[in-house]
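J.: Structure of the sequence below:
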Amino acid sequence: MLSRAAAQPYSRPLLCAPNSDDDEDEDELVGPRTVCGEAKMSECDQFEQQSGGGILLKRWLSGRSNWFKRYNSDALSHRRARTGLGWVTAALFIVADIAGGGVVAIPVALLNSGLFMGSIAMFSICLTFFYTAHLIGKNWVTMCTKWPEVYGKVHCRKPYPEMAYRAMGQHAKSFTSAILNIMNFGISTVYLLLAARILSELLSSMFPNVVQHQISLCSMMPILALLLLPVTFLKSPQDFWLAVVTAMVTTTLSVLLIVFGTFLDQPACAPYAHHPPFNSGSFFLSIGIFFFSFGGHSVFPTIQHDMRRPKKFTRSSFLAFAIVASMYVPISFFGYYVYGDSLHDSIISSIQTPPIQQFANLFIALHCILTLTVVINPLNQEIEHLLDIPHQFGWQRIVVRTFVMFSIVFVGLTVPSFGPILNLIGGTTVALTSAILPCLFDLYLHSSDNKKGVQKLGGDQQNNATNFKRIIETTPFPKLALNLSVIVLAIVCGFAATYSGFVELSTSRFSGPCYLSTTNLANKATTTGQQLMHCCGQFRNITRYDSVFQCQLVNREEF
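T.: Numbering: from 1, shown residues only. From the prediction side, this is the model:
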């Protein structure tokens, strides 16, 4: 007699099973025909070719030794149960997606928004974005349950746009795809620009007599892109586990160094720190940075899709946002009290101990570089889908992803000042993908289930026709009020942040394109042989090493 996994027909995909949180499900194995359900065996063979090999299935026979047989099927559900991401690993992916740019930017956001209002905004956005991450996870599980033949057994290359399609239709899917592509392209450019700037300044400060003016920001960006390009050829986030773990380690080390360096600077800098009065324009610009610092939800469905147990995504999100908050809170408040308005675009620049500053910069640069492997992947997959590129690794993937990286480098070289644009990304695309759209998808996906429960649908069958009136009538009031509040606040704050970003953009002095500019963007040494230091104090004239370093006046609009 066979075990129940082999003897009974498998009526649902493993990843969507109601009891998928049970550990015993990991030992449930199915044959090729039960995995495919009603699908044709030729389709299974196609899936097998995409996965690169068969799977090893174990059968238990009553009174006999267990034996093994190799089936030529894809069995995505079973393969994910064996090789998918655990919930802790998924949390690390989320942290790697969120934390990089926020570590250096969020202290400045707290300064510009004021201690009281900035603290309220930071904690409120953190909780709100965790809630919307929970909604994304719930939406994906609902899609797996309603359309198991589509999302439970086949690798989905565009999970976030698919969520829009199942919730609100084809137009919503097209709109969401466009927003995601714009956002991922912009974020990738910002991360590449930030890493290149940090490394160019780092090399200039560590080897002033050797490097001098040779390696500038404009030279560093193409070098970094070439080094990063082979990593972007990987197919899925689950192939990036080593990069993500390394990014997590480098971010943690950078945060520890920032806190330690700030603590050392406290006696010299804190007595002279000046805190500017509250300004509404700066506050809404800070909202855009807060959005950017806690956003990243467009990658969440891709991570959840590769999880061994997608229903545990809320657990992963809670751990991830707790880790991110534990990073942001100390550096934000320490930076506020110790440095005041001498903070620049990066808190690391204000640290007065050169070795600590250099290593913290190095770790953040490594984090930005490694995080690109996660952020750029959905953009690459979207373009490959539009061009009908095969799932298997081949020359087509190399050509497409090389072109994407070249485009990112070209934009970075064209506009090598991304401070205001970072604010615009936070106020527009991040507000949409991390707050507004998850709430809308949740309301539309579950409006027809509030009284009937989740109904299983065919692959081509759409969600029950839903309009906003039906949503109001069928959605429980607490849930409706919470989701609508998030949507309204995100629209208002996003619009205000976007307007403030355009105002700053119109008044900022941007460096010309690298390929047209004759000036060098690298740090320049002084004629006295002293290295430049971003000093603290209201007048930026306080440093712990007066005899070695010369204070540098910094233009806040330089980034």
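J.: okay, CA-based contacts and neighbour counts for the rest of this
T.: OK.
J.: And the lengthiest helix in the chain, what does it pack against?
T.: Using DSSP state H, we find that the single longest helix of the chain is helix 170-206. Here helix 170-206 touches helix 159-168, helix 217-228, helix 354-386, helix 395-414, helix 419-425, going by 3 or more Cα pairs under 8 Å, 6 or more residues apart in numbering; DSSP states H and E.
J.: Please point out which parts of whichever helix or strand comes after the second one sit buried.
T.: The C-terminal neighbour of helix 217-228 among helices and strands, as given by DSSP states H and E, is helix 241-269. With burial defined by 16 or more other Cα atoms under 10 Å, the residues of helix 241-269 counted as buried are 241, 243-252, 254-259, 261-266, 268-269.
J.: Give me the below-cutoff pLDDT ranges for the stretch 401-550 of the chain.
T.: Segments of the stretch 401-550 of the chain classed as low confidence (criterion: pLDDT under 70) are 418-419, 448-466, 505-512, 517-533, 545-550.
J.: residue ranges for the strands of it, please.
T.: Using DSSP state E, counting those that start in this stretch, the strands of the stretch 401-550 of the chain run over 531-533, 549-551.
J.: would you list the helices and strands packed on helix 170-206 in TSV and tack on mean neighbour count and distance to Trp140?
T.: What follows is these, written out as TSV (neighbours: other Cα atoms under 10 Å; distance: least, Cα to Cα, whole Å):
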stretch	mean neighbour count	distance to Trp140
helix 159-168	24	7
helix 217-228	18	31
helix 354-386	22	17
helix 395-414	18	27
helix 419-425	24	25
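J.: could you redo these as CSV and give each row distance to Ser282?
T.: Shown next, in CSV, are the helices and strands packed on helix 170-206 (distance: least, Cα to Cα, whole Å):
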stretch, distance to Ser282
helix 159-168, 32
helix 217-228, 28
helix 354-386, 25
helix 395-414, 25
helix 419-425, 11
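J.: rank those helices by mean pLDDT and give me the bottom one.
T.: Per-stretch mean pLDDT for these is lowest at helix 419-425 (a mean of 77).
J.: Mind giving me the packing neighbours of it?
T.: Identification of packing neighbours for helix 419-425 by 3+ Cα pairs under 8 Å, 6+ apart yields helix 170-206, helix 280-294, helix 477-507.
J.: Distance from that helix to the middle of the chain?
T.: On the basis of Cα atoms, centre = their mean, to the nearest Å, helix 419-425 sits 16 Å off its chain's mean C-alpha point.
J.: what does stretch 408-427 give?
T.: Taking the mean of its C-alpha atoms, stretch 408-427 sits 17 Å from the chain's own mean (Cα atoms, centre = their mean).
J.: what about that stretch, start to end distance?
T.: Terminal residues of stretch 408-427 lie 21 Å apart, using Cα to Cα, to the nearest Å.
J.: which residue is nearest the middle of the chain?
T.: Asp97 (2.9 Å; Cα atoms, centre = their mean).
J.: What is the distance between whichever strand or helix holds it and the centre of its chain?
T.: Assigned by DSSP H and E, Asp97 belongs to helix 87-113. With Cα atoms, centre = their mean as the basis, helix 87-113 stands 9 Å off its chain's centre.
J.: Wait, Tyr151 touches Asn139, no?
T.: No. The criterion here is Cα atoms under 8 Å, and Tyr151 misses it with Asn139 at 12.0 Å.
J.: Can you pick out the residue with more neighbours from those two?
T.: Ranked by neighbour count (other Cα atoms under 10 Å), Tyr151 and Asn139 place Asn139 first, with 26 against 23.
J.: Tell me the confidence at the more buried one?
T.: You'll see Asn139 listed with a pLDDT of 93.
J.: does it sit in a helix or strand, and which one?
T.: Assigned by DSSP H and E, Asn139 belongs to helix 115-146.
J.: So which bits of that helix are buried?
T.: 115, 118-119, 121-122, 125-146.
J.: ok, how many other residues are close to Pro476?
T.: Pro476 has 12 neighbouring residues, counting by other Cα under 10 Å.
J.: And it, how far from Met168?
T.: Separation of Pro476 from Met168 (Cα to Cα) stands at 20 Å.
J.: Over to Gln304?
T.: Taken as Cα to Cα, the span from Gln304 to Met168 is 21 Å.
J.: hmm, back to that, next secondary structure after the helix holding Asn139?
T.: helix 148-151.
J.: Give me the distance between that next one and the centre of its chain.
T.: That offset, for helix 148-151, works out to 26 Å (Cα atoms, centre = their mean).
J.: quick one, phi psi at Gly169?
T.: Main-chain dihedrals, Gly169, degrees, to the nearest 10: phi 110, psi -180.
J.: Let me see the domain layout of this structure.
T.: Listed by automatic domain parsing, the domain ranges of the chain are 4-79, 84-279+299-421.
J.: Cys551 is nearest to which of those?
T.: Evaluated with Cα to Cα, these place domain 84-279+299-421 nearest to Cys551, the distance being 10.6 Å.
J.: quick check, distance from that closest one to the centre of its chain.
T.: With Cα atoms, centre = their mean, you get 5 Å for domain 84-279+299-421.
J.: Make 14 the first number, not 1, from now on.
T.: Noted, 14 is the first residue going forward, which turns the last one into domain 97-292+312-434.
J.: Straight-line length of it, end to end?
T.: Domain 97-292+312-434 stretches 36 Å from its first residue to its last (Cα to Cα).
J.: Test my guess that Cys231 contacts Thr427.
T.: No. Cys231 is beyond contact range of Thr427, at 9.6 Å (criterion: Cα under 8 Å).
J.: any common contacting residues for the two?
T.: Here Cys231 and Thr427 have Cys527 as joint contacts, going by Cα atoms under 8 Å, 6 or more residues apart in numbering.
J.: hmm, back to that, I'd like the helices and strands packed on helix 432-438 written out as a markdown table, with mean neighbour count added.
T.: Shown next, in a markdown table, are those (neighbours: other Cα atoms under 10 Å):
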| stretch | mean neighbour count |
| --- | --- |
| helix 183-219 | 21 |
| helix 293-307 | 26 |
| helix 490-520 | 17 |
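J.: do you know which of these lies nearest Leu375?
T.: Closest approach to Leu375 among those (Cα to Cα): helix 183-219, 6.9 Å.
J.: picking that back up, relative orientation of the longest helix of the chain and helix 100-126 in degrees?
T.: 70 degrees (axes from the mean of the first three to the mean of the last three Cα atoms, to 10 degrees).
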